[in-house]
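Chemist: Here is a sequence together with a model predicted from it:
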Amino acid sequence: MFFRQYNIIFCLIKPKQYTMANITIELIRKRSEHNEGEIGTLEEIALHQEDITKIENLQNWCKDLKILLLQSNLISKIENLNKLKQLEYLNLALNCIEKIENLNRCESLNKLDLTMNFIGQLTSVESLKDNIHLKTLYLTGNPCTDYDGYREFVVGTLPQIDLLDGVEVSHHDKLVAKQLLSNVKHKIISQQDLYEKSRLERNKSSKPLKMIDETSSMTDDDDEKSEQDFWNQPSENTPECRVAMALHTRRAQRRQDEAKKTPTVEKRPVKLFADDGRPYNMNRAKLPYELDNAHDRYVLTVQVYKFMDTDEIDVDVQPKYVRVTVRKKILQLVLEDEVKVDESNAKRLIGSKLLEITMPKVKQIIGPVKKQSANKKDTSNQRASKLTDEALDSKNPVEFWNITGERRTTTNIKTVGNEDFVDNSEVPPLE
């Protein structure tokens, strides 16, 4: 026989520091604002998440109740509801109930929700035979749902229900379950006995709870460490563990409330830079990290908390340093080489605790000095350079023929056969 296994945590606190909540007149009036605080005529009330351990006083103060919501409490027994004759819907999900009982006089009961309790005694559903108006029943998440023949036994024992664990019960299902009921019941009883034995063995072999004195002074780091140690402890799925879990939650909530009430002392601001502007190296977040200095980039890998929301992580990359802020605690590292801020990126794999930041380096491109050769191809460049220098020299007159080509000099034109020719320098030469 195999039973479902759960992972729930033992609590590390001192139980006597806490008193569980009771159903008081003040609590009922607080939850009956929709009825103007009148509890005598109250037809619906929600008392969920109040750490209630016992059902009491409701049948005497609120006899007209039709809807009673008691989910997410620490109730271990169904009791003191016999006088609620008009009760139609009862929600006891997420409590510590191990047996169905004391509901046979709730004549109008139509819907019963016992999801995620510790009901291992499946034969206790026989106590609901007299609830002829019961149409909907939820037992999801209880140990009894793992029994072989569970559904046939419940449907055969309670033929009046039409919906079991959210699944419709047809007329054919009822006929088949009625035929198999006698055989299935023997199997259910034997499985119940095995469950009870294993339950007792687990209680004997389970380790005692470690205690933490709530009155002891603890720093924020110590409190965070104790919180992590608490949630890292494996445990069995038992009512005792659920109670311990609730106690731990209340303790954490109480410490948060006390911290809000106490005046906050101004802490010395964290100094990130020196007086001359140089950034400091620091790891106030105390996170393991690795900085890989490659040829063309930096790659920073930081181990953050695995199940931390990404909204609690902030990354700031600057040309000469990188800063990672996790829950307002800073990891800052100075970079030897300047990086490209616009091309840097950060990524975090889903379900991983690694944060990877890639920062490409800035490359300074320095080209070699080109030497000019004395080839014939370079003569034109030299001439052009010489022409430019002469043109910029204000002492020398600009000669227009120097702009387009080699410098030309005037020559005397010799004529043959004309002795009367006079060379006039003011007349330009013929082309």
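Modeler: Now that the structure is in, tell me what you want to look at. Residues are numbered from 1 along each chain as shown.

Chemist: contacts, neighbours, all on C-alpha from now
Modeler: Noted.

Chemist: Just give me the longest helix of the chain.
Modeler: Longest helix in the chain, counting residues (DSSP state H): helix 171-205.

Chemist: which parts of that one are buried?
Modeler: 174, 177, 178, 181, 184, 185, 188, 191, 192, 195 (16 or more other C-alpha atoms under 10 Å).

Chemist: Please give me every residue in contact with the nearest residue to residue 63 once chain neighbours are set aside.
Modeler: The shortest distance from residue 63 to any non-neighbouring residue, by C-alpha to C-alpha, 6 or more residues apart in numbering, is to residue 84 (5.5 Å). For residue 84, the contact set (C-alpha atoms under 8 Å, 6 or more residues apart in numbering) comprises 59, 63, 64, 65, 106.

Chemist: Sketch out the low-pLDDT regions of the stretch 1-150 of the chain for me.
Modeler: In the prediction, the stretch 1-150 of the chain carries residues with pLDDT under 70 at positions 1-20.

Chemist: Just the strands from it, written as ranges.
Modeler: 44-46, 67-69, 89-91, 111-113, 136-138 (DSSP state E, counting those that start in this stretch).

Chemist: Give me the contacts around the second one.
Modeler: Taking C-alpha under 8 Å, 6+ apart as the criterion, the residues outside strand 67-69 that touch it are 43, 44, 45, 46, 47, 48, 87, 88, 89, 90, 91, 92.

Chemist: And for the first one, nearest residue in space, chain neighbours not counted?
Modeler: Distances taken as C-alpha to C-alpha, 6+ apart put residue 65 closest to residue 43, at 4.0 Å, once the chain neighbours are dropped.

Chemist: Am I right that residue 108 is in contact with residue 82?
Modeler: No - at 11.3 Å, residue 108 does not count as touching residue 82 under the criterion of C-alpha atoms under 8 Å.

Chemist: coming back round to it: can you list phi and psi of the residue nearest to residue 63 for me?
Modeler: Torsion angles at residue 84 (phi, psi; degrees, to the nearest 10) stand at phi -90, psi 80.

Chemist: returning to what we had before: isn't the residue nearest to residue 43 right next to residue 89, touching?
Modeler: No - using C-alpha under 8 Å, residue 65 makes no contact with residue 89, being 9.3 Å away.

Chemist: between these two, who's got more neighbours?
Modeler: More neighbours surround residue 65 than the other of residue 65 and residue 89, with 23 against 20 (other C-alpha atoms under 10 Å).

Chemist: quick one, what contacts that one?
Modeler: Counted by C-alpha under 8 Å, 6+ apart, residue 65 has contacts 41, 42, 43, 44, 45, 84, 86, 87.

Chemist: hmm, who's touching stretch 106-114?
Modeler: Outside stretch 106-114, the residues that touch it by C-alpha under 8 Å, 6+ apart are 81-94, 130-140.

Chemist: Going through those, which ones are buried?
Modeler: Burial by neighbour count, judged by 16+ other C-alpha under 10 Å, picks out 81, 83-94, 131-140 from the contacts of stretch 106-114.

Chemist: on that earlier part again, nearest to residue 34, of the strands of the stretch 1-150 of the chain?
Modeler: Closest approach to residue 34 among the strands of the stretch 1-150 of the chain (C-alpha to C-alpha): strand 44-46, 9.3 Å.

Chemist: Leaving out the residues flanking it, which one is nearest to residue 306?
Modeler: In this structure, residue 306 finds its nearest non-sequential neighbour in residue 353, 4.1 Å apart by C-alpha to C-alpha, 6+ apart.

Chemist: Tell me who's in contact with that neighbour.
Modeler: So residue 353 contacts 303, 304, 305, 306, 307 (C-alpha under 8 Å, 6+ apart).

Chemist: of those, closest to residue 162?
Modeler: Using C-alpha to C-alpha, the contacts of residue 353 come closest to residue 162 at residue 307, 41.3 Å.

Chemist: Work out for me the element that closest one sits within.
Modeler: Using DSSP states H and E, residue 307 sits in no helix or strand.

Chemist: That one: how many residues sit nearby?
Modeler: Counted by other C-alpha under 10 Å, the residues lying close to residue 307 total 10.

Chemist: Next, work out how far apart it and residue 141 are.
Modeler: 25 Å (C-alpha to C-alpha, to the nearest Å).

Chemist: got the residue ranges for the helices in this structure?
Modeler: Taking DSSP H as the test, the helices found in the chain are 25-30, 58-61, 150-157, 171-205, 220-231, 239-261, 379-392, 401-404.

Chemist: Point out where the stretch 151-300 of the chain drops to low pLDDT.
Modeler: Short version for the stretch 151-300 of the chain, where the test is pLDDT under 70: 206-227, 230-231, 234-235, 262-267.

Chemist: would you turn the buried residues of helix 171-205 into CSV with distance to residue 116?
Modeler: Formatted as CSV, the buried residues of helix 171-205 follow (distance: C-alpha to C-alpha, whole Å):
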residue, distance to residue 116
174, 25
177, 24
178, 27
181, 25
184, 24
185, 23
188, 20
191, 19
192, 18
195, 17
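
Chemist: how does the chain divide into domains?
Modeler: Listed by automatic domain parsing, the domain ranges of the chain are 15-205, 282-360.

Chemist: Compare these and give me the one nearest residue 228.
Modeler: domain 282-360 (11.1 Å).
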